[in-house]
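A.B. asks: Predicted coordinates and the sequence they were generated for:
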Amino acid sequence: MRIESIKVYQMLLPVKGGAYRMASDTVQALDSTLVEVTTEDGLSGWGETCPVGPVYQPQHALGARAAIAEIAPGLVGEDTASMRRLAKRMDERLNGHNYAKAALDIALLDLTGQRLGIPVSTLLGGALTDRVPSYYSTIVGAPDETARVAVDKVKAGYPRLQIKIGGRDLEQDVATVHKVWEAVGFKARIAVDANRGLTAAAALHIDRLCQGIPFVFEQPCNTMEEVASLKGRVTHPVYLDENTEDLNAVLRAVSSGIADGFGLKVTRLGGLTNMVTVRDLCAIRSLPHSCDDAWGGDVIAAACVHLAATVEPRRFEGTWIAQEYIEGHTDPVNPIVIENGHIRVPQMPGLGVKPERSRLKAPVAIF
Ligand code: 0XW
Ligand code: MG
């Protein structure tokens, strides 16, 4: 079936509570881009990409829409039967810009799933579970307050916490990790995420001053080289997030043993098709990882959950979705929701979510 049109929508997602603070940036409202790919028979598939501001990664909302404008005209009129051909077509139109291609990749898989009458998780190899764990991500905050939130979220059923640190005094970061551990103990697994914000020296200090606390250290420093320099010097496992900029970066991190695991973002890596490759690479070395994205509504949340359902549970680090930090749902009829720290995997054909038309403004571009 041929692609008849690609519509691009913009949706503003204000942060509940006012601000989401990370070491690298503080964001107040996120600018999400939704794509609707429609085929000649009237079927529509949806995709989404929503960078968490322009500083977290070298990606930004206007960049996503500009990249889609380069790519989309080359997809209109193409047959949707071959994902490989469509991926090739995207690469022929634009080099790189994985985060924009990701929205189209997700929409095309949504379409294919609907056409075949199977969920996207089946297209990705098949679900191993119908319910995936999520994790709660704090903001960079005062030690006592962060520990209080951590206790609340464990009570709410989250099996894992991601504690944000960085961009401030070492003393505050060390106190935060200790307070959370004293308050929560083994009731939840803990990741400490510095979002690139530490020098290697600061990461070494935190590692030593938090000896005996079983956390994984997520993206402590800015570059892969700095993170690699920690190997053998820190006692905590080190995970990469922001440095996994493309498939080659993941391959390099896996093959050289730089990372003990990953915080993976579906759009950064180019969509679900590429994430299947990453999932399988990680499986070869028994590396744990998450399946999330930086931000977004129900469409990207559904994409992450379908993929998450296909990951071997013993290595799975959870799916973070923005629900705790945004009001309402893009799809109020079949929303993706966290219940007791877990998320049900949609069983309907395709992604199983559709943005409610009344929530969408007019398309910002039609191809
Ligand atoms: C917790 N997240 C998934 C949400 C923000 O985009 C940051 C991100 C991370 O793990 O760095
Ligand atoms: Mg992270």
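C.D. replies: Looks like it came in fine. Ligands and ions are numbered 1, 2, ... in the order given.
A.B. asks: OK, now which residue of the stretch 101-250 of the chain is nearest to ligand 2?
C.D. replies: residue 241 (3.6 Å; Cβ to the ion). C-beta coordinates here come from the backbone N, C-alpha and C atoms, glycine included.
A.B. asks: which residue packs closest to that residue, ignoring adjacent ones?
C.D. replies: residue 263 (3.6 Å; Cβ to Cβ, 6 or more residues apart in numbering).
A.B. asks: For the one you found, give its distance to residue 297.
C.D. replies: Counting by Cβ to Cβ, to the nearest Å, the gap from residue 263 to residue 297 is 20 Å.
A.B. asks: Spell out the residue ranges of the helices in the stretch 1-150 of the chain.
C.D. replies: Under the criterion DSSP state H, counting those that start in this stretch, the stretch 1-150 of the chain contains helices at 61-71, 83-93, 98-116, 120-123, 143-155.
A.B. asks: Just name the most buried of those helices.
C.D. replies: Comparing the helices of the stretch 1-150 of the chain on average neighbours per residue, with mean count of other Cβ atoms under 10 Å, the densest one is helix 98-116 at a mean of 25.
A.B. asks: and it, what's its mean pLDDT?
C.D. replies: Averaged across helix 98-116, pLDDT comes to 98.
A.B. asks: Output it as CSV, nothing but the C-alphas.
C.D. replies: What follows is helix 98-116 as a C-alpha-only set of coordinates in CSV (Å, rounded to 0.1, in the frame of the first residue of the first chain):
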residue,chain,number,x,y,z
ASN,A,98,18.2,9.7,13.7
TYR,A,99,15.8,11.3,16.1
ALA,A,100,13.7,12.6,13.2
LYS,A,101,13.8,9.3,11.2
ALA,A,102,12.7,7.6,14.4
ALA,A,103,9.3,9.3,14.4
LEU,A,104,8.8,8.0,10.8
ASP,A,105,10.1,4.5,11.6
ILE,A,106,7.6,4.2,14.5
ALA,A,107,4.7,5.5,12.4
LEU,A,108,5.5,3.0,9.7
LEU,A,109,5.6,0.1,12.2
ASP,A,110,2.3,1.3,13.6
LEU,A,111,0.9,1.2,10.1
THR,A,112,2.3,-2.3,9.4
GLY,A,113,1.0,-3.7,12.7
GLN,A,114,-2.5,-2.3,12.1
ARG,A,115,-2.5,-3.7,8.5
LEU,A,116,-1.4,-7.2,9.7
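A.B. asks: Just want the angle from it to helix 83-93.
C.D. replies: Angle, helix 98-116 to helix 83-93, by axes from the mean of the first three to the mean of the last three Cα atoms, to 10 degrees: 150 degrees.
A.B. asks: quick one: the residue nearest to the spatial centre of the chain and residue 113, what's the gap?
C.D. replies: When the chain is reduced to its mean C-alpha position, the nearest residue by Cα atoms, centre = their mean turns out to be residue 293, at 1.6 Å. Distance of residue 293 to residue 113, computed by Cβ to Cβ: 19 Å.
A.B. asks: do residue 228 as well
C.D. replies: 39 Å.
A.B. asks: Show me what from the stretch 201-350 of the chain comes close to ligand 1.
C.D. replies: Within the stretch 201-350 of the chain, the positions lying close to ligand 1 (Cβ under 6 Å from any ligand atom) are 241, 263, 292, 294-295, 320.
A.B. asks: ok, and the most crowded of the residues you listed?
C.D. replies: Ranked by neighbour count (other Cβ atoms under 10 Å), these have residue 292 at the top, with 29 neighbours.
A.B. asks: so residue 304 makes contact with residue 295?
C.D. replies: No. With contacts counted by Cβ atoms under 8 Å, residue 304 stays clear of residue 295, the gap being 11.4 Å.
A.B. asks: Now do the shared contacts for these two.
C.D. replies: Between them, residue 304 and residue 295 share no contacting residue under Cβ atoms under 8 Å, 6 or more residues apart in numbering.
A.B. asks: In the stretch 251-367 of the chain, which residue sits closest to ligand 2?
C.D. replies: Nearest to ligand 2 in the stretch 251-367 of the chain, going by Cβ to the ion, is residue 263, at a distance of 4.2 Å.
A.B. asks: show me what contacts that residue?
C.D. replies: Residue 263 touches 162, 191, 193, 218-219, 239-241, 289-290, 292, 317, counting by Cβ under 8 Å, 6+ apart.
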